[in-house]
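Visitor: fold the stuff below for me.
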Amino acid sequence: MQNKTFDLNPNDIAGLELVCQTLRSRILEVVSANGGHLSSSLGAVELIVSMHALFDCQKNPFIFDTSHQAYAHKLLTGRFESFSTLRQFKGLSGFTKPSESAYDYFIAGHSSTSVSIGVGVAKAFCLKQALGMPIALLGDGSISAGIFYEALNELGDRKYPMIMILNDNEMSISTPIGALSKALSQLMKGPFYQSFRSKVKKILSTLPESVNYLASRFEESFKLITPGVFFEELGINYIGPINGHDLSAIIETLKLAKELKEPVLIHAQTLKGKGYKIAEGRYEKWHGVGPFDLDTGLSKKSKSAILSPTEAYSNTLLELAKKDEKIVGVTAAMPSGTGLDKLIDAYPLRFFDVAIAEQHALTSSSAMAKEGFKPFVSIYSTFLQRAYDSIVHDACISSLPIKLAIDRAGIVGEDGETHQGLLDVSYLRSIPNMVIFAPRDNETLKSAVHFANEHDSSPCAFRYPRGSFALKEGVFEPSGFVLGQSELLKKEGEILLIGYGNGVGRAHLVQLALKEKNIECALLDLRFLKPLDQNLSAIVAPYQKLYVFSDNYKLGGVASAILEFLSEQNILKPVKSFEIVDEFIMHGNTALVEKSLGLDTESLTDAILKDLGQER
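Guide: Below you'll find the predicted structure:
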């Protein structure tokens, strides 16, 4: 099918408005069927259309912060028809992805990197004496992260040509946190400052020098109450706020910014969900959505009666917090995603959303632990990566008892490479003083929260999956966690299946499949990865072969820990790992992704039968 092309004449505003309508309709059509990031993409349509109308994105790289708002960009760059495969297995990514299109400059699934990337592009262009300049589109939530200021610090000093468009919709995912976000959304809601400044400059040019000086001081004093003063004092030109849905205003502003050939920040105010009335405004639930009915806005998926791991964690922590005033909590701009919203509502002085600032979340929590509190840091596995140094330097060296509640551990589905929760096991294992454990179902997740609350000698971390555990509730009796103790759930047979966390459920399904082939096997819930059960050598002694199941990377993973332990005990046992291969894992329906990796029950069962020398 021939792809749709667009006439993006910057002088034909009416034509561009029709393009915006077409893009919004396509976004709504596909996201209502597939799910995806809706309100942010709808809100950025005019900004992206204007960017494409004035700039060639292959000569002036478009850099999208997080890039979940870049759907209009995909539609304008040869992917209008294929957009129907958005977030599907082997279809289009929900984020920009250079391997998908030459028009996507950089992969981005985490926030606040765009200005730093842009500075790198600008440096390279300067060294190559290349024409063009980077153009970064970032959200107001992005300015809460330290890397944004690190990049601005250099950019303001070096004065590289660069355009930054600050998409201020008063929302990142949840309500943005911090003084700067509040300043952007509250201080200046209209073009008053720009108009005032222009008039002052015109008057100043006609006045004597002495009066000119006094008037200049007056303007400088006035600037102190505007959101632009911070950027201008850093050496960044500031223009705005402008209406981010007014194509004429956006295009004229971009033309001005282009001519300056200096770093410029354009402050554009937009409405999240623009063009779809049901989603317009500050509604967190419309940021990322599953399939929904376009007419009613209602989800097409019925809510499961089974609690999600996130809900089980949140409910348990809330009950404990009612009894223990030392319990505090932190999340980094993901209160509802991590379940901490309930606790922030109930105890606003003890539970905190610190904005997109994972490093700060960990370091400040370490200080709270030193002061005798019990900080639960509720965070997605993929975002915990951003705080690695804080875990090492500020928590673990001093052995401060922070509690890392790692949500979305394992394969997370449609968000793909940038969001898979596969690294935490390997890098946390390498840090001294860190205790690492994992529940197998919701009931043991509740026990994990209780154990973490009582553990006061070191940092600890426990992980749990997105959506649901592989192990159904009630299959095994729940039991509490005891430091460094595993649990042998079944003892039959000559082979041992070892599960860690959600891997226990995966191993159990394989155990049932093998039983149908008249092969009995034992099942061990490892529970603690660090410290490992010191009786492990005795536990594995009766079994001829060991098979390891866990939702993390194989390198430095669970099987590695077991092999290291057995090697130190001079025990030779065949150990086969069914952890994740050494590659970044693509997006798509979780079941399809797992099948492609050979992690579905049928593939795992076949692999064990083959290893045992038996036919299927």
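Visitor: helices of the stretch 151-300 of the chain, residue ranges please.
Guide: Here the stretch 151-300 of the chain has its helices, by DSSP state H, counting those that start in this stretch, at 179-186, 192-204, 209-223, 228-233, 247-260.
Visitor: model confidence score at the nearest residue to residue 153 once chain neighbours are set aside, please.
Guide: In space, and not counting its chain neighbours, residue 153 is closest to residue 234: 7.1 Å by Cβ to Cβ, 6 or more residues apart in numbering. Where C-beta positions appear, they are placed from N, C-alpha and C, glycine not excepted. Looking at residue 234, its pLDDT reads 86.
Visitor: for residue 234, give its distance to residue 159.
Guide: Distance of residue 234 to residue 159, computed by Cβ to Cβ, to the nearest Å: 11 Å.
Visitor: next: residue 255.
Guide: Using Cβ to Cβ, residue 255 is found at 20 Å from residue 159.
Visitor: what's the answer for residue 72, then?
Guide: Distance from residue 72 to residue 159, by Cβ to Cβ: 30 Å.
Visitor: neighbour count winner among the two?
Guide: Using other Cβ atoms under 10 Å, the more surrounded residue of residue 72 and residue 159 is residue 72, with 25 against 14.
Visitor: show the contacting residues for residue 276.
Guide: Listed by Cβ atoms under 8 Å, 6 or more residues apart in numbering, the contact set of residue 276 reads 24, 28, 38, 42.
Visitor: ok so the first one is a helix residue?
Guide: Yes. Read with DSSP: H, G, I helix; E, B strand; the rest coil, residue 24 is one of the residues of a helix.
Visitor: thinking it is in contact with residue 46, fair?
Guide: No. Residue 24 is beyond contact range of residue 46, at 9.9 Å (criterion: Cβ atoms under 8 Å).
Visitor: more neighbours: which of those two?
Guide: In this view residue 24 and residue 46 are compared by other Cβ under 10 Å, and residue 46 has more residues nearby, 27 against 20.
Visitor: tell me the angle the helix or strand containing that one makes with helix 247-260.
Guide: Using DSSP states H and E, residue 46 sits within helix 45-54. Counting by axes from the mean of the first three to the mean of the last three Cα atoms, to 10 degrees, helix 45-54 lies at 50 degrees to helix 247-260.
Visitor: which residues touch the following helix or strand past helix 45-54?
Guide: Reading on from helix 45-54 to the C-terminus, the next helix or strand found by DSSP H and E is strand 62-64. Residues lying outside strand 62-64 but in contact with it, judged by Cβ under 8 Å, 6+ apart, are 51, 55, 70, 73, 96, 103, 105-106, 108, 114, 117-118, 121, 134-137.
Visitor: how about low-confidence regions in the stretch 351-500 of the chain?
Guide: The model of the stretch 351-500 of the chain has no residue with pLDDT under 70.
Visitor: strands along that one, start to end?
Guide: 351-353, 374-380, 403-407, 435-437, 460-463, 487-490, 495-499 (DSSP state E, counting those that start in this stretch).
Visitor: quick one: which of those is nearest residue 533?
Guide: Comparison of the strands of the stretch 351-500 of the chain against residue 533 by Cβ to Cβ identifies strand 487-490 as nearest, at 9.1 Å.
Visitor: CA atoms only: put the closest one into PDB for me.
Guide: C-alpha atoms of strand 487-490 as PDB (Å, rounded to 0.1, in the frame of the first residue of the first chain):
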ATOM      1  CA  GLU A 487      12.100 -23.300  50.200                       C
ATOM      2  CA  LEU A 488      11.800 -26.700  48.700                       C
ATOM      3  CA  LEU A 489       8.200 -26.800  47.400                       C
ATOM      4  CA  LYS A 490       8.400 -30.400  45.800                       C
END
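Visitor: begin at 288, not 1, for the rest of this chat.
Guide: Happy to do that; since the first residue is 288 now, the last one works out to strand 774-777.
Visitor: roughly how far out does that strand sit from the chain middle?
Guide: Put simply, strand 774-777 sits 35 Å off its chain's centre (Cα atoms, centre = their mean, to the nearest Å).
Visitor: other SSEs contacting that strand?
Guide: Applying 3 or more Cβ pairs under 8 Å, 6 or more residues apart in numbering; DSSP states H and E, we find strand 774-777 packed against helix 790-803, strand 808-812.
Visitor: okay if I get those as TSV plus mean pLDDT?
Guide: Converted to TSV, the helices and strands packed on strand 774-777 look like this (pLDDT from 0 to 100):
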stretch	mean pLDDT
helix 790-803	97
strand 808-812	98
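Visitor: any idea which of these gets closest to residue 875?
Guide: helix 790-803 (18.4 Å).
Visitor: residues in contact with that closest one?
Guide: For helix 790-803, contacts defined as Cβ under 8 Å, 6+ apart pick out 727-728, 756-759, 762, 776-777, 784-786, 807-808, 810, 812, 834-838, 845, 865, 886, 888-889, 891-892, 895-896.
Visitor: are any of those residues buried, and which?
Guide: Buried by 16 or more other Cβ atoms under 10 Å: 727-728, 756-758, 776-777, 784-786, 808, 810, 812, 834-838, 845, 865, 886, 888, 891-892, 895-896, out of the contacts of helix 790-803.
Visitor: quick revisit: among the helices of the stretch 438-587 of the chain, where is the model least confident on average?
Guide: Looking at those, the weakest mean confidence is helix 466-473, a mean of 45.
Visitor: could you dump the helices and strands packed on strand 774-777 to CSV with distance to residue 594?
Guide: Below are those laid out as CSV (distance: least, Cβ to Cβ, whole Å):
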stretch, distance to residue 594
helix 790-803, 15
strand 808-812, 20
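Visitor: out of these, which comes closest to residue 879?
Guide: So among those, helix 790-803 is nearest, using Cβ to Cβ, at 15.9 Å.
Visitor: and the closest one, how far from the chain's centre?
Guide: For helix 790-803, the distance to the chain centre is 31 Å (Cα atoms, centre = their mean).
Visitor: buried ones in it, by neighbour count?
Guide: 790, 791, 792, 793, 794, 795, 796, 797, 798, 800, 801.
Visitor: and the gap between the closest residue to residue 804 other than its chain neighbours and residue 827?
Guide: Excluding the flanking residues, the one nearest residue 804 by Cβ to Cβ, 6+ apart is residue 896, at 6.9 Å. Between residue 896 and residue 827 the distance is 21 Å, computed by Cβ to Cβ.
Visitor: check residue 328 too.
Guide: Taking Cβ to Cβ, one finds residue 328 at 51 Å from residue 827.
Visitor: who's in contact with the closest residue to residue 552 other than its chain neighbours?
Guide: Residue nearest to residue 552 in three dimensions, not counting chain neighbours: residue 451, with 4.6 Å by Cβ to Cβ, 6+ apart. With contact taken as Cβ under 8 Å, 6+ apart, residue 451 is in contact with 401, 402, 405, 422, 423, 425, 523, 550, 551, 552, 553.
Visitor: could you dump those to CSV with neighbour count and distance to residue 570?
Guide: Listed next are those as CSV, based on neighbours: other Cβ atoms under 10 Å; distance: Cβ to Cβ, whole Å:
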residue, neighbour count, distance to residue 570
401, 28, 24
402, 29, 27
405, 28, 30
422, 27, 28
423, 25, 26
425, 25, 21
523, 20, 32
550, 28, 33
551, 24, 31
552, 26, 27
553, 24, 25
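Visitor: mind putting these in JSON lines, distance to residue 819 included?
Guide: Formatted as JSON lines, the contacts of residue 451 follow (distance: Cβ to Cβ, whole Å):
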{"residue": "401", "distance to residue 819": "42"}
{"residue": "402", "distance to residue 819": "43"}
{"residue": "405", "distance to residue 819": "45"}
{"residue": "422", "distance to residue 819": "51"}
{"residue": "423", "distance to residue 819": "46"}
{"residue": "425", "distance to residue 819": "44"}
{"residue": "523", "distance to residue 819": "52"}
{"residue": "550", "distance to residue 819": "52"}
{"residue": "551", "distance to residue 819": "55"}
{"residue": "552", "distance to residue 819": "51"}
{"residue": "553", "distance to residue 819": "54"}
